[in-house]
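Student: Here is a sequence with its predicted model. Questions after.
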Amino acid sequence: MSASIIDGKATAAAVRTLVREAATRLAARGARPGLSVVLVGEDPASQVYVRNKDRAATEAGFEVRTQKLPASPSQAELERVVEGLNADPDVHGILVHLPLPKGLDAGRIVRALDPRKDVDGLHPENVAALIMGTPGLYPCTPAGCIELCDRHGVKLEGQRVVVIGRSMLVGKPVSLMALARNATVTLAHSRTRDLAAVVREADVLIAAVGVPRLVRGPWLKDGVVVLDVGMNRLPDGKLVGDVAFEEAAERAAWITPVPGGVGPMTIAMLLANTARACALQRNLPLEPALPGTLLAR
Ligand code: NAP
C-alpha cells in the first residue's frame, strides 16, 4: 500500500474540541447550545446512530433532548412536534432523523423546520444559500469531506474533482462545495457512460453511491485523493465503502478508510452547525469561526 490514510476519527476529534471550546464561550454568555433530535420508530440502527449523536453533543457541552415518537405518528403530529421545537428558544438545532417510516413526507417535514435551526442543512433556504455561496447551514457529511481535505493539505482549486452520486444529502452539495473551492467538478451517477473513464480523470474522487467496492483500483489515476463516503454492510457484517480500498490504496496519494474516514466527520460537523446556529439565533459572535462556515477560500 502506498497511500497515506486520511484519519477521520482524529480529524473529527479535533473539530469536536473546537466545538466544545466554542460551546463553553457561548455558555459563558448565557447561550448554551441546544440540540433536539427527533427519532420516529424503533429501527435499531437509527437508535444507535441517534445515541452516538446524543453522546457527542453532550460531551461538547450542549443541552441535548431526544424525542422518540412511535413508529407511525401522523404527518400532522410530526409537524406539530417540529413547530414546537421551532418556537422553543432553548433549542437551536433540530435534527429529524431520516429516513422517516413509509407514509410520512420527509420533504414537508424539512420545509416545516425553521431554516435557522436546520442543522442538517436540508431546508430549501439553506440549499439556496449553498448554491448562491451565501451564509447558511450546510449539509454535514459534504462539509466533513471538505474539512478532511483542508486539514490534510488537499487543495481543491484547479483540481478535477469527480463526485459519484447525485443525492441531495451528499453528491449534489459536495459538488457545489468543491465548485465553491474553484475545482472543476464532474458529477457522475447511475446513467453515466463509462464510469471508469470518468473516474480516471479525477485528481480527487468523492464516492457517495451505496454500492460496495464499485470503484476498482485500475480505474484510478496515480496520486489521486480518494474520499469514500459509502457505508455498506456486507452479508458477513463487515462495513465497506464504495471504493475497493486495498486496490485503490496502491494508486492513491491519500485515501479515507471505511469505517473511520468520512463517517466520524458527519457528527462533528453537525455539532459545529449547532453551535453556529446558537450563535446566530442569540446574535453572539463565534470567534474563531468553526469548520464548515466558509465555502470559498
Ligand atoms: P442515494 O441517495 O441512494 O444516492 C446514491 C447515488 O449513487 C445516486 O445518485 C445514484 O444515481 C448513484 N448510483 C447508484 N448506483 C450507481 C452506479 N452503479 N454507478 C454510478 N452511480 C450510481 O445515497 P446517499 O444518501 O447519497 O448515500 C450514498 C452512500 O453514502 C451510502 O453508502 C450511504 O450509506 C453513505 N452515507 C454516508 C454518510 C456518512 O456519514 N459517512 C452519510 C450519508 C450517506 P441516480 O441518481 O442516477 O440513481
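Tutor: Yep, it's here. As the structure is a prediction and not an experimental result, all values here were calculated from the model.
Student: how about the residues of this structure near the ligand?
Tutor: Residues of the chain lying near the ligand by C-beta under 6 Å from any ligand atom: 141, 164-167, 169-171, 188-192, 195, 208-211, 214, 229-232, 262-263, 266. Glycine gets a C-beta too; all of them are placed from N, C-alpha and C.
Student: Going along the chain, name the helices of this structure.
Tutor: Using DSSP state H, the helices of the chain run over 8-28, 44-59, 75-87, 106-112, 124-132, 140-151, 171-180, 195-200, 245-249, 263-281.
Student: and the shortest one, which residues are buried?
Tutor: Of the residues in helix 245-249, those scored as buried under the neighbour-count criterion (16 or more other C-beta atoms under 10 Å) are Phe245, Glu247, Ala248, Ala249.
Student: same deal with the second one?
Tutor: Burial within helix 44-59, assessed by neighbour count using 16+ other C-beta under 10 Å, is assigned to Tyr49, Val50, Lys53, Asp54, Ala56, Ala57.
Student: From the ligand, how far out is Glu125?
Tutor: 21 Å (C-beta to the nearest ligand atom, to the nearest Å).
Student: typo on my end, it should be Ala268
Tutor: Taking C-beta to the nearest ligand atom as the measure, Ala268 falls 10 Å from the ligand.
Student: and if you look at Pro288?
Tutor: From Pro288 to the ligand the distance is 25 Å (C-beta to the nearest ligand atom).
Student: show me what contacts the closest residue to that residue other than its chain neighbours?
Tutor: The shortest distance from Pro288 to any residue other than its chain neighbours is 7.9 Å, reached at Leu18 (C-beta to C-beta, 6 or more residues apart in numbering). Taking C-beta atoms under 8 Å, 6 or more residues apart in numbering, we find Leu18 in contact with Ala272, Pro288, Leu290, Pro291.
Student: Distance of Leu18 relative to Asp114?
Tutor: Distance, Leu18 to Asp114, using C-beta to C-beta, to the nearest Å: 25 Å.
Student: number of nearby residues for the residue in the stretch 1-150 of the chain that the ligand sits nearest to?
Tutor: Nearest residue of the stretch 1-150 of the chain to the ligand (C-beta to the nearest ligand atom) works out as Thr141 at 4.0 Å. Counted by other C-beta atoms under 10 Å, the residues lying close to Thr141 total 22.
Student: With the one 3 residues further on instead?
Tutor: Gly144: 31 surrounding residues under other C-beta under 10 Å.
Student: what's the neighbour count on the residue lying closest to it once chain neighbours are set aside?
Tutor: For Gly144, ignoring the flanking residues on the chain, the nearest one in space by C-beta to C-beta, 6+ apart is Met265 at 2.8 Å. Met265 sits with 30 neighbouring residues when counted by other C-beta under 10 Å.
Student: Test my guess that Met265 contacts Val15.
Tutor: Yes - assessed by C-beta atoms under 8 Å, Met265 is found in contact with Val15 at 7.3 Å.
Student: Touching, Ile206 and Val163? I think so.
Tutor: Yes - assessed by C-beta under 8 Å, Ile206 is found in contact with Val163 at 4.6 Å.
Student: contacting residues for Asn86?
Tutor: Applying C-beta under 8 Å, 6+ apart to Asn86 gives the contacts Ile94, Ala112, Leu113, Asp114, Lys117.
Student: residues contacting Leu205?
Tutor: Val161, Val162, Ile164, Val199, Val215, Leu220, Val224, Val225, Val226, Leu227, Val243.
Student: can you check Ala3 too?
Tutor: With the criterion set at C-beta under 8 Å, 6+ apart, Ala3 makes contact with Val226, Ala248, Ala249, Glu250, Arg251, Ala252, Ala253, Trp254, Ile255.
Student: Can you redo those residues as a markdown table, where the extra columns are pLDDT?
Tutor: A markdown table is the format used below for those (pLDDT from 0 to 100):
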| residue | pLDDT |
| --- | --- |
| Val226 | 99 |
| Ala248 | 98 |
| Ala249 | 98 |
| Glu250 | 98 |
| Arg251 | 98 |
| Ala252 | 98 |
| Ala253 | 98 |
| Trp254 | 98 |
| Ile255 | 98 |
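Student: taking the residues you listed as a set, which two sit the farthest apart in space?
Tutor: By the measure C-beta to C-beta, Glu250 and Trp254 form the most distant pair in these, at 13.2 Å.
Student: on that earlier part again, what's the overlap in contacts for Ile206 and Val163?
Tutor: Common contact partners of Ile206 and Val163 (C-beta under 8 Å, 6+ apart): Gly171, Val174, Ala178.
Student: any idea of the pLDDT on the residue nearest to Leu286 when sequence neighbours are not counted?
Tutor: Spatially, and ignoring its direct neighbours in sequence, Leu286 is nearest to Ala279 (4.1 Å; C-beta to C-beta, 6+ apart). With respect to pLDDT, Ala279 scores 97.
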